[in-house]
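[1] Prediction below, plus the sequence it came from.
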Amino acid sequence: MTILSREFWSFAGERAIKTFAQAALATIGGGSVGVLSIDWVGVFSVSAGAAVLSILTSVVTKSK
């Protein structure tokens, strides 16, 4: 499987989505009382950053 293959990007995308969801759950945490009190922009920002790092990790790991 090469970095240019559809299979690689499928797996990397799936890992990035899972990482996004995990980061969102960790950012929201148990301290939030209501849905309206959550800083959704902050949650999205942290989660998107984690997803980008996941993709970059996949690319770097595969290119070794």
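    Nice, thanks for sending it over.
[2] for the host helix or strand of residue 46, which positions count as buried?
    Element membership of residue 46, judged by DSSP states H and E, is helix 40-62. Along helix 40-62, the positions that meet the burial threshold by neighbour count (16 or more other CB atoms under 10 Å) are 43, 46, 47, 50, 51, 54, 58. (Each C-beta comes from the backbone N, C-alpha and C, glycine too.)
[3] Check the gap between the fourth one and residue 22 for me.
    Separation of residue 50 from residue 22 (CB to CB, to the nearest Å): 8 Å.
[4] Kindly report the same for the third one.
    Counting by CB to CB, the gap from residue 47 to residue 22 is 8 Å.
[5] again with the second one
    Spatial separation of residue 46 from residue 22 under the definition CB to CB is 11 Å.
[6] do residue 6 as well
    25 Å.
[7] Neighbour count: those two, which is higher?
    Higher neighbour count among residue 6 and residue 22: residue 22, with 14 against 8, using other CB atoms under 10 Å.
[8] Could you check how far that one is from residue 59?
    Using CB to CB, one obtains 20 Å as the distance from residue 22 to residue 59.
[9] Likewise for residue 20?
    Between residue 20 and residue 59 the distance is 17 Å, computed by CB to CB.
[10] same question, residue 10
    Using CB to CB, residue 10 is found at 14 Å from residue 59.
[11] swap in residue 42?
    With CB to CB as the criterion, residue 42 and residue 59 are 26 Å apart.
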